[in-house]
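K.L.:
predicted model and sequence follow; I will ask about them next.
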Amino acid sequence: MIWCLGMYASGSTWLFNAARAAASTVQSRPVAARYAETLEALDGLDETSLNIVKTHDLPRAAAAFMAAHADKILISLRDPRDAVASLMRYMRHRFPQALERVEKSAALCRQCSADERAVIFRYEAGFTDERASFDRLAEIFSGTLSEAQRAELFSASRRGAIEARIAQLERLPTMLHDARSGDMLDTDTQWHRHHAGRSGEVGRWRAELPDEAARLVEQRMGGWMRQFGYLP
């Protein structure tokens, strides 16, 4: 099993889809992919397939299950200030809710980051825009990509291709509509309607977070931010 563990707003949905695409390209074993928030959501994993599971923060029992069964842990990280700003802009979260979600997901990433199975992808390094990300993923699945395969995977992962799928959400058989939030989700790829129209800007927090909010993120997550190089 491959555990795609991401902070909120860290490129984790891109990584999840890139991982499943790379796995399907370089190995013959069927690939089964899902998103999980609870232990119950992990029931019925197909033992004949390579399971790729995307999560953010998890209850303790679910996190323990994932840690016990994962062959690799792909971890996506981002400056928490930018992650909070992204949740506020695109998911309409209020600051306290955005900070709580980022903090909890970052804590689980930190917990797993020292594991020998962990492979860390930093948002600021631009992994979502690097062809080499697919080579890195193919290597995880004990494979190598031809130039043509790499080009095809990279092309399918561009913003235009993602936006085109999101534009078709209402017509997809895998579409789920959240009546409470109004959001739409493709349960196959985990692309949400709110993923459309994003810029991926690094350092957005400087313009979008009030100084007091930025300071609170730094106070609450200072140790984490220093460990991963987001604060001196």
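P.N.:
Cool, got the structure. Numbering: from 1, shown residues only.

K.L.:
what does the helix ranked longest in the chain rub up against?
P.N.:
When the chain is parsed with DSSP state H, its longest helix is helix 95-113. Residues from elsewhere that reach helix 95-113, judged by Cβ atoms under 8 Å, 6 or more residues apart in numbering: 3, 5-9, 56-58, 63, 67, 73, 75-77, 80, 83-85, 87-88, 91, 93, 118, 120, 213, 216-217, 220-221, 224, 227-228. Yep, even glycine has a C-beta here, placed from its N, CA and C like the rest.

K.L.:
quick check, His93 in contact with Ser86.
P.N.:
No. No contact is recorded between His93 and Ser86 when judged using Cβ atoms under 8 Å, the distance being 9.4 Å.

K.L.:
of the two, who's got more company?
P.N.:
Taking neighbours as other Cβ atoms under 10 Å, His93 and Ser86 compare with Ser86 leading, 26 against 18.

K.L.:
and that one, what element?
P.N.:
Per DSSP states H and E: Ser86 is located in helix 80-90.

K.L.:
buried subset of the contacts of helix 95-113, written for ChimeraX?
P.N.:
Once 16 or more other Cβ atoms under 10 Å is used to decide burial, the buried members of the contacts of helix 95-113 can be selected in ChimeraX as follows:
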select :3,5,6,7,8,9,56,57,58,63,67,73,75,76,77,80,83,84,85,87,88,91,93,118,213,216,217,221,224,228
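
K.L.:
any chance you could map the helices in this protein?
P.N.:
12-26, 60-69, 80-90, 95-113, 132-140, 147-156, 159-167, 205-208, 211-227.

K.L.:
hey, which of these is tucked in deepest?
P.N.:
Mean neighbour count, computed with mean count of other Cβ atoms under 10 Å, is highest for helix 80-90 among the helices of the chain, reaching a mean of 24.

K.L.:
packing partners for that one?
P.N.:
With contacts defined as 3 or more Cβ pairs under 8 Å, 6 or more residues apart in numbering; DSSP states H and E, the secondary structure elements packing on helix 80-90 are helix 95-113, helix 205-208, helix 211-227.
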